[in-house]
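1. Return atomic coordinates for the entry below.
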Amino acid sequence: MSHLLSGQKLKVFDTTGFRTSGLSRIPLKEALEGILRAGFNTVEFCLEHPEASEATIETAVEIGLKISSVSYHGKRDSRETRIEKGRKAIQLAGDCSVDVVVLGSPLRGNTGFRREAEELFELCLQAGVRPAWETEPGTVLNGLDDFYEHIVPLGPLAGINLDAGHLHIQGKCTVDEIRALGNRIHHVHVEGMKRLEHRHLIPGRGDMDWNMLLNGLVEAGYSGSLTIDLFQIPCLWQQYLHLSNIALKNIISYYESCR
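-> Next up is the predicted model:
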């Protein structure tokens with residue numbers, strides 16, 4: 001029997017999160033408390049923050065945050081460093097029962113990524129975590145075509161961290177493109193973005209079609225956290241986080257009201 005009142009609509013997106021990499025200059029415990037105060041439910045634990053560890057993940061859980069993923073991108077790092085830190089991210093996720101590891105790729109022109117991806121994918125299978133590779137302009141996984149070429153052949157559990165702004169830059173943030181990814185969407189980054197400028201903005205700023213994005217995610221079957229991905233965060237960072245969360249929740253509320 002449904003617990004919904006007559007006429008009440010089921011919310012699809014009711015979880016918002018924030019990445020810790022944009023707050024790498026802030027002590028991690030302080031950053032986590034600020035993320036919680038800003039109204040976020042989840043947090044992406046980035047190895048780019050120098051204090052990322054099992055202990056700080058436990059701190060996040062203790063104060064009431066859910067860990068949506070452990071991540072490592074390191075697009076400018078050497079292959080050796082990428083393998084080392086990729087392994088660390090996977091082990092950290094497995095040890096802390098985090099379901100998803102978000103991984104990036106090196107700058108375009110680097111060789112050996114296929115072997116790197118294969119090795120990290122096997123480690124994810126052993127650790128019982130789902131790998132989600134992010135496409136980013138200027139990297140080996142520049143766009144969706146590269147994801148289908150390099151990641152999909154690894155196996156059915158090889159997934160994507162769908163960064164909406166990155167897809168928008170390339171004209172790929174459409175219902176059809178997102179729907180086609182289906183259950184390979186393991187994690188999602190959102191931000192505002194202008195089509196001709198790769199700069200992460202507060203949600204709602206720029207010229208993204210949010211209705212297209214959210215419809216695509218619904219049709220793909222994704223109902224997980226929407227994690228805000230912002231950098232160049234000003235000194236008044238707590239207010240900035242609160243503003244970004246309010247902006248995203250307003251977008252979601254409007255979308256839900258129109259469904």
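2. and residue 179, how many neighbours?
-> Using other CB atoms under 10 Å, residue 179 has 16 neighbouring residues. Yep, even glycine has a C-beta here, placed from its N, CA and C like the rest.
3. Backbone dihedrals for it, both of them.
-> phi -60, psi -40 (degrees, to the nearest 10).
4. From residue 94, how far out is it?
-> 31 Å (CB to CB, to the nearest Å).
5. contacts for stretch 224-233?
-> 13, 15-19, 21-23, 40-42, 44, 66, 68-69, 163, 165, 187-191, 200-203, 240-241, 244-245, 248, 252 (CB atoms under 8 Å, 6 or more residues apart in numbering).
6. separation between the closest residue to residue 95 other than its chain neighbours and residue 88?
-> Leaving aside its chain neighbours, residue 95 sits nearest to residue 54 (5.9 Å; criterion: CB to CB, 6 or more residues apart in numbering). Distance from residue 54 to residue 88, counting by CB to CB: 11 Å.
7. Could you do residue 170 as well?
-> On the measure of CB to CB, residue 170 and residue 88 end up 30 Å apart.
8. element containing residue 249, please.
-> helix 237-258 (DSSP states H and E).
9. Could you list the buried residues of that helix?
-> 237-238, 240-242, 244-249, 251-252, 255 (16 or more other CB atoms under 10 Å).
10. what bits of this structure have low per-residue confidence?
-> Residues of the chain meeting the criterion pLDDT under 70: 1-10.
11. count of neighbours near the nearest residue to residue 176 once chain neighbours are set aside?
-> Distance criterion CB to CB, 6+ apart; nearest residue to residue 176, sequence neighbours excluded, is residue 216 at 7.7 Å. Using other CB under 10 Å, residue 216 has 24 neighbouring residues.
12. Might you report the residue contacts of residue 216?
-> Residue 216 neighbours (CB under 8 Å, 6+ apart): 173-179.
13. of these, buried ones?
-> 173-175, 177-179.
14. Could you tell me which of those belong to helices?
-> 175, 177-179 (DSSP state H).
15. higher neighbour count, residue 54 and residue 88?
-> Using other CB under 10 Å, the more surrounded residue of residue 54 and residue 88 is residue 88, with 15 against 12.
16. quick one: the more buried one and residue 72 touch, right?
-> Yes. Here residue 88 reaches residue 72: they are 7.3 Å apart, a contact under CB atoms under 8 Å.
17. what about residue 18, distance to residue 106?
-> Taking CB to CB as the measure, residue 18 falls 25 Å from residue 106.
18. and what of residue 196?
-> From residue 196 to residue 106 the distance is 25 Å (CB to CB).
19. neighbour-wise, which of these two wins?
-> residue 106 (21 against 7).
20. before we move on, the earlier item: could you dump the buried residues of helix 237-258 into a markdown table and include distance to residue 228?
-> Formatted as a markdown table, the buried residues of helix 237-258 follow (distance: CB to CB, whole Å):
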| residue | distance to residue 228 |
| --- | --- |
| 237 | 13 |
| 238 | 14 |
| 240 | 10 |
| 241 | 8 |
| 242 | 11 |
| 244 | 5 |
| 245 | 7 |
| 246 | 11 |
| 247 | 9 |
| 248 | 6 |
| 249 | 11 |
| 251 | 11 |
| 252 | 12 |
| 255 | 16 |
